[in-house]
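Novice: pasting a predicted model and its sequence here:
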Amino acid sequence: MVVEGRVNEGRILAGMALATLAGFMKRIVILISGRGSNMEAIVQRCRREGWPAAVAAVIANRPGAGGLAFAAAQGIATAVVDHKAHASREAFDAALAETIDGFAPDLVVLAGFMRILGTDFVRRYEGRMLNIHPSLLPAFPGLHTHQRALDAGCKAVGATVHFVTPELDHGPIVMQSVVPVRPGDDEAALAASVLATEHVIYPLSVRWFVEGKLAVDGGLVRQTDGASQVLL
Ligand code: GRF
């Protein structure tokens with residue numbers, strides 16, 4: 001009897017744990033186009049730090065995206081929605097949304113995802129889609145950020161994590177990193193220095209989101225614990 005009682009108790013506890021997990025764990029879908037080093041950093045920190053979240057899938061718009069192999073090796077579902085296989089931007093956006101929604105995400109993370117997304121797509125995930133951009137936004141939206149910063153004589157560069165809005169590289173800023181420009185720095189040197197900070201601020205921002213610690217008010221983002229939103 002005692003043994004049976006313990007077994008039942010164990011079953012009940014296991015059931016409760018599963019139910020708690022099911023309601024509690026946030027589902028993250030990450031979109032990549034290339035090597036996926038930010039995606040890797042998020043996957044690793046999520047697991048190592050035991051976030052209340054799991055990366056449900058990694059989706060690429062290029063079949064050869066290097067990050068897909070890492071994700072698959074981690075046992076994470078992967079998918080490719082090839083933009084070249086779609087006749088229009090709208091058709092690509094629709095196929096991408098259908099694939100994303102198949103994984104029922106609470107959060108969509110753009111991590112080096114190099115396609116411009118249409119307004120309808122962005123609105124669908126508004127408030128639950130983050131991007132990282134390698135500049136101190138609102139300076140230098142778009143491409144070649146580091147060279148443009150050098151050409152402008154900037155003394156500091158950095159990266160920005162922000163909620164995605166229809167305007168490219170715009171939207172409420174979650175966190176920024178700041179990197180000084182040193183004499184002799186070229187585009188590659190700046191890119192490497194900034195990327196190292198991206199691997200810190202992006203996982204941290206995603207963690208705050210899944211822990212419910214980001215409040216957006218009037219286009220401004222506040223970390224509700226009062227944690228610093230800048231990495232210097
Ligand atoms: C990063 O610099 C990111 O800021 C930019 O594209 C690059 C992607 O790198 N949007 P990775 O694929 O995460 O390694």
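Specialist: Yep, that arrived. On a predicted model such as this, the values are computed, not experimentally measured, just so you know. Numbers count the residues shown, from 1 in each chain.
Novice: for the rest of this, base every contact and every neighbour count on C-alpha atoms.
Specialist: Will do.
Novice: in stretch 177-194, what counts as buried?
Specialist: Residues Ser177, Val178, Val179, Val181, Leu190, Ala191, Ser193, Val194 are the ones in stretch 177-194 that count as buried (16 or more other CA atoms under 10 Å).
Novice: need these in TSV with pLDDT, distance to Asp151 and secondary structure, can you?
Specialist: Output for the buried residues of stretch 177-194, formatted as TSV (pLDDT from 0 to 100; distance: CA to CA, whole Å; DSSP: H, G, I helix; E, B strand; the rest coil):
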residue	pLDDT	distance to Asp151	secondary structure
Ser177	98	20	strand
Val178	98	18	strand
Val179	98	16	strand
Val181	98	12	coil
Leu190	97	13	helix
Ala191	97	14	helix
Ser193	98	17	helix
Val194	98	17	helix
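Novice: tell me the contacts of the nearest residue to Leu214 once chain neighbours are set aside?
Specialist: In this structure, Leu214 finds its nearest non-sequential neighbour in Gln223, 4.9 Å apart by CA to CA, 6 or more residues apart in numbering. Contact partners of Gln223, counting by CA atoms under 8 Å, 6 or more residues apart in numbering, are Val174, Trp208, Lys213, Leu214, Ala215, Gln229.
Novice: now do the helices in the protein.
Specialist: 2-24, 37-48, 67-73, 89-101, 119-124, 145-151, 187-210 (DSSP state H).
Novice: just put the ones you listed in a markdown table and tack on distance to Val80.
Specialist: What follows is the helices of the chain, written out as a markdown table (distance: least, CA to CA, whole Å):
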| stretch | distance to Val80 |
| --- | --- |
| helix 2-24 | 27 |
| helix 37-48 | 15 |
| helix 67-73 | 9 |
| helix 89-101 | 9 |
| helix 119-124 | 17 |
| helix 145-151 | 27 |
| helix 187-210 | 23 |
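Novice: quick check: which of these is nearest to the ligand?
Specialist: helix 37-48 (3.5 Å; CA to the nearest ligand atom).
Novice: show me what that closest one is packed up against.
Specialist: Under the contact criterion of 3 or more CA pairs under 8 Å, 6 or more residues apart in numbering; DSSP states H and E, helix 37-48 touches strand 53-60, helix 67-73, helix 187-210.
Novice: tabulate these in JSON lines, adding columns for distance to Val109.
Specialist: JSON lines is the format used below for the helices and strands packed on helix 37-48 (distance: least, CA to CA, whole Å):
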{"stretch": "strand 53-60", "distance to Val109": "9"}
{"stretch": "helix 67-73", "distance to Val109": "14"}
{"stretch": "helix 187-210", "distance to Val109": "8"}
